[in-house]
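Q: no sequence on this one, just coordinates:
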C-alpha cells in the first residue's frame with residue numbers, strides 16, 4: 001500500500017522541521033546557545049591619587065634640585081580656591097567682587113607651593129636676581145633662556161608690552177603650579193595657582 005502525503009501535511013511537516021532547526025541554533029564552534037544581550041564588564045575607576053603621585057615623580061626627574069628643596073613638604077591642603085567665603089555688605093563693593101571673581105585662583109597645597117616658590121627662585125636667579133643684570137632683552141632671548149631651564153614656553157607665554165617690558169607666564173611641567181614673571185626691573189617672579197577659568201594666564205573675562 002503506497003503512502004501519500006497531502007499538500008496540507010507537507011506544509012505542516014516543513015514547519016515542524018524549521019522550528020526544530022531554530023531551537024538547535026548554537027554559537028559557532030562553542031556548542032552553547034548564543035547570548036543575545038551580553039553584559040559588558042564594568043570599567044575600572046581611575047586612581048587619581050596614583051596619577052598625581054606619578055606626575056610628581058616625573059616632575060622630580062625633570063627638576064631634581066627643586067625636588068631636593070621640597071622633599072618632605074606636606075601634600076595635603078584644604079580643597080577649593082582662594083575665593084572669599086563672604087561677599088562685602090556694601091552694594092558697590094559686592095558688585096566689584098562679583099565682577100572680578102573670574103580672577104580668583106586655585107589654592108596651592110603646601111607641596112605645590114613649595115615647588116612653585118622653588119621654581120620662581122630658580123628662574124629669578126637665572127634672570128640675574130633682583131637687579132636683573134644680564135637679563136634677556138628680547139622675547140627670543142627670554143624664551144631661549146626659559147627653554148634651557150626646562151620650561152619650554154609656548155606661543156603667548158613670553159610677551160613684551162608696548163613700552164618693551166618683558167614678561168612671561170609658565171605652567172610648570174607635570175605637577176607644578178603657575179609661575180609669572182616681569183623681567184624688566186624691578187624684577188618680579190612669583191608662583192600662583194591656575195585661574196578659576198583654567199590656565200595660568202590672567203583671564204580677560206568679567207562684566
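A: Thanks, I have the structure now. This is a predicted model, so every value here is computed, not measured.
Q: can you pull the phi/psi pair for residue 105?
A: phi -120, psi 150 (degrees, to the nearest 10).
Q: what about this protein, any weak spots by pLDDT?
A: Residue ranges of the chain with pLDDT under 70: 1-45, 74-103, 204-207.
Q: do that again at 50, thanks
A: 8, 10-33, 76-85, 87, 94-102, 206-207 (pLDDT under 50).
Q: residue 166 pairs with what?
A: For residue 166, the beta-bridge partners are residue 160 (DSSP bridges).
Q: so who does it touch?
A: Counting by Cβ atoms under 8 Å, 6 or more residues apart in numbering, residue 166 makes contact with 135, 136, 137, 138, 139, 142, 158, 159, 160, 182, 183, 184. The C-beta positions use only the backbone N, C-alpha and C, and glycine is treated the same way.
Q: cutoff 10 Å now
A: Counting by Cβ atoms under 10 Å, 6 or more residues apart in numbering, residue 166 touches 127, 132, 135-139, 141-143, 158-160, 181-184, 187.
Q: ok, of those residues, which come out buried?
A: By neighbour count, with 16 or more other Cβ atoms under 10 Å, the contacts of residue 166 hold 127, 132, 135-136, 139, 142-143, 158, 181-184, 187 as buried.
Q: mind listing the strands for this protein?
A: Under the criterion DSSP state E, the chain contains strands at 158-160, 166-171, 178-182, 188-192.
Q: to residue 52, which of those strands lies closest?
A: strand 166-171 (15.8 Å; Cβ to Cβ).
Q: quick one, helices of this structure?
A: 7-23, 48-62, 64-69, 91-99, 110-126, 139-148 (DSSP state H).
Q: buried ones in the second one?
A: The reference is to helix 48-62. For helix 48-62, burial by neighbour count (16+ other Cβ under 10 Å) applies to 56, 59, 60.
Q: got the residues you listed as a markdown table, with distance to residue 112 columns?
A: As requested, the buried residues of helix 48-62 are exported to a markdown table (distance: Cβ to Cβ, whole Å):
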| residue | distance to residue 112 |
| --- | --- |
| 56 | 9 |
| 59 | 10 |
| 60 | 13 |
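Q: closest to residue 115 out of the residues you listed?
A: residue 59 (7.1 Å).
Q: thought the closest one was touching residue 171?
A: No - using Cβ atoms under 10 Å, residue 59 makes no contact with residue 171, being 11.9 Å away.
Q: sorry, back to before: any idea which of the buried ones among the contacts of residue 166 is closest to residue 111?
A: The closest of the buried ones among the contacts of residue 166 to residue 111 turns out to be residue 181 (Cβ to Cβ; 21.6 Å).
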